[in-house]
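1. how would this look folded up:
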Amino acid sequence: MKIVIAISHSFCANFIKGQSAYLQSKGHNVTIVSASGPEVTAVANNENANLVEIPFSREISLVDDIKGLFSVIKFLRTEKPDIVNAGNPKTGFLFMLASIFFPKIPMIFTLRGLRSDTLSGIKGKIVFFTEWLSCYLAKKVIVISPSLRDHAVEIGVLNPKKAIVLGKGSSNGVDIDKFCDTDQNILLGKELRSRFEIKQNDFVVGHVGRITKDKGVEELFDAFKLSRLKHRNLKLVLAGPVEDDDPIKPEVMEEMLLDKDVVFLGKVDNVAGVYCAYDVLVLYSYREGFGNVVIEASSMGKPVIVSDIPGARDTTEHMMSGIHVEPRNSHKLSEAINLYIENEDLRKSHGKYGQRRAQQYFSSDVIWEGQHNLYKSLVKP
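-> Sure, this is the predicted structure:
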């Protein structure tokens, strides 16, 4: 079987890491399609997959998107794959549009979130239409969490008959052998704390992901400052790139950069050691398809705090492996942080339960097997 896995940007390579190797172990030929970048090149090389680079535009651009569509059509005409799995936003939309010219190729759209949820005006309507059209044209839609599926159906983006959630959700599952509290990872966490002069009795609130407004970083910083009024030994550590798309306010960024208790790590290749340096992980996004970083942290035995929104709420069981917090409410987030600071037994209990849950339900093999079974069911012998 010739399988195509398509993503929009090299930074999304973690969404598909391991899939090519798994499918090739089953005897299939795999091609990855993506905009160029070191992350996707590394995945393709490490997993011996074919890589075709198409410069997809991340934002709406009529000229660039038409060029991208023609590139996709040319690629499909040349490669003649048996099946395609393309993720949103841009890549999935262009591949689903191209399916009009290739009706015999089953096209799967992987819905990793709804960007239209945080947009308004004309742009919001355009993005909503592209999300709806992508789901409409797809043969099947893999939705990466149960609550995202329910939300997409409720607002009219998705036909429930097309929707599939693999296991209990997740874009790519978690490598539970990598994300575990081994002696090596614990040592990496201690080295990180030492490098930034974080003391043993300091409490570290951590973030992993893009540093943008829609990741809730502004509210996280506000909550951090509120909690620090009561707990002076508090540190905020952020791992991830600062992006120009949907940036946080300049004055907030300047204040964070000047704050001696805030640490920016930038993009980190191996985040397993980073999780070991954290006391709690916070994912306080405005929108989230799932939030794999939460499962990674849980797999490491860390308690988590997530915004109570579609997608993110599926990553943790409230007051069992973590805490759900009303979105965009810094005071409520601060209360959740304080609860963990003041209750070590609760932190340990939630961490241990989350670790068992991650290992039982969110192993990458569960997701990859589900994808493989779907591919086989859609491709006629």
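2. strands along the stretch 101-250 of the chain, start to end?
-> For the stretch 101-250 of the chain, the strands identified by DSSP state E, counting those that start in this stretch occupy 107-111, 140-143, 163-164, 203-208, 234-239, in order along the chain.
3. any chance of TSV for those strands, columns distance to Val325, mean neighbour count and mean pLDDT?
-> Every residue, glycine included, has its C-beta placed from N, CA and C. As requested, the strands of the stretch 101-250 of the chain are arranged in TSV below (distance: least, C-beta to C-beta, whole Å; neighbours: other C-beta atoms under 10 Å; pLDDT from 0 to 100):
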stretch	distance to Val325	mean neighbour count	mean pLDDT
strand 107-111	24	28	97
strand 140-143	23	25	97
strand 163-164	27	17	97
strand 203-208	13	24	98
strand 234-239	16	22	98
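4. tell me which of those sits nearest to Val153.
-> Comparison of the strands of the stretch 101-250 of the chain against Val153 by C-beta to C-beta identifies strand 163-164 as nearest, at 6.9 Å.
5. now that closest one, how far from the centre of its chain.
-> Strand 163-164 sits 18 Å away from the centroid of its parent chain (C-alpha atoms, centre = their mean, to the nearest Å).
6. and that strand, what does it pack onto?
-> Counting contacts by 3 or more C-beta pairs under 8 Å, 6 or more residues apart in numbering; DSSP states H and E, strand 163-164 packs against strand 140-143, helix 146-154.
7. what pairs with it, and is each one parallel or antiparallel?
-> Using DSSP bridges, the strands paired with strand 163-164 are strand 140-143 (parallel).
8. residues making contact with the strand it pairs with?
-> By C-beta atoms under 8 Å, 6 or more residues apart in numbering, the list of residues contacting strand 140-143 from outside reads 85, 106, 108-111, 135, 149, 152, 158, 162-166, 371, 374, 378.
9. the helices in the stretch 251-381 of the chain, which residues?
-> In order along the chain, the stretch 251-381 of the chain carries the following helices (DSSP state H, counting those that start in this stretch): 272-277, 292-299, 330-342, 344-361, 364-378.
10. how about those helices in TSV, adding distance to Leu283, mean pLDDT and mean neighbour count?
-> Supplementary listing: these in TSV, determined by distance: least, C-beta to C-beta, whole Å; pLDDT from 0 to 100; neighbours: other C-beta atoms under 10 Å:
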stretch	distance to Leu283	mean pLDDT	mean neighbour count
helix 272-277	12	96	23
helix 292-299	5	96	28
helix 330-342	11	98	19
helix 344-361	13	96	17
helix 364-378	19	95	17
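11. for Val165, give me its contacts.
-> For Val165, the set of contacting residues under the criterion of C-beta under 8 Å, 6+ apart consists of 142-146, 149.
12. now do the same end-to-end measure for stretch 252-264.
-> 14 Å (C-alpha to C-alpha, to the nearest Å).
13. report the buried residues of it.
-> Neighbour counts over stretch 252-264 (16 or more other C-beta atoms under 10 Å) mark 253, 256, 261-263 as buried.
14. quick one: which of those is nearest to Val204?
-> Closest to Val204 out of the buried residues of stretch 252-264 is Val263 (8.8 Å), distances taken as C-beta to C-beta.
15. need the contact list for Glu53.
-> Counted by C-beta under 8 Å, 6+ apart, Glu53 has contacts 33-36.
16. measure it to Ile32 for me?
-> Here the criterion is C-beta to C-beta, to the nearest Å. By it, Glu53 lies 9 Å from Ile32.
17. burial of Asp183, as a residue count?
-> Counted with other C-beta atoms under 10 Å, the burial measure for Asp183 works out to 7 neighbours.
18. what does Glu191 give?
-> As a burial measure, the neighbour count of Glu191 was computed by other C-beta under 10 Å and equals 12.
19. same deal with Ile122?
-> For Ile122, the tally of surrounding residues (other C-beta under 10 Å) stands at 8.
20. any idea how far it lies from Tyr361?
-> Using C-beta to C-beta, Ile122 is found at 40 Å from Tyr361.
21. of the strands of the stretch 101-250 of the chain, which approaches Arg77 most closely?
-> Within those, the stretch nearest Arg77 is strand 107-111; the backing value is 14.7 Å (C-beta to C-beta).
22. so which elements touch the closest one?
-> Using 3+ C-beta pairs under 8 Å, 6+ apart as the contact criterion, the secondary-structure elements in contact with strand 107-111 are strand 83-87, helix 90-98, helix 121-137, strand 140-143, helix 146-154, helix 364-378.
23. among these, which is nearest Ile198?
-> Put simply, out of the helices and strands packed on strand 107-111 the one that sits nearest Ile198 is helix 364-378, at 30.9 Å, with distance taken as C-beta to C-beta.
24. for the closest one, the distance to its chain's centre please.
-> Mean-position distance between helix 364-378 and its chain equals 19 Å (C-alpha atoms, centre = their mean).
25. what angle sits between it and strand 83-87?
-> For the pair helix 364-378 and strand 83-87, the angle between their directions (axes from the mean of the first three to the mean of the last three C-alpha atoms, to 10 degrees) equals 130 degrees.
26. contacts for helix 364-378 next, please.
-> With C-beta under 8 Å, 6+ apart as the contact definition, helix 364-378 has outside contacts at 1, 3, 18-19, 22-23, 26, 83, 85, 106, 108, 139-140, 142, 164, 166-167, 170-176.
27. which of those residues are buried?
-> Buried residues within the contacts of helix 364-378, counting neighbours by 16+ other C-beta under 10 Å: 3, 18-19, 22-23, 83, 85, 106, 108, 139-140, 142, 166, 170-176.
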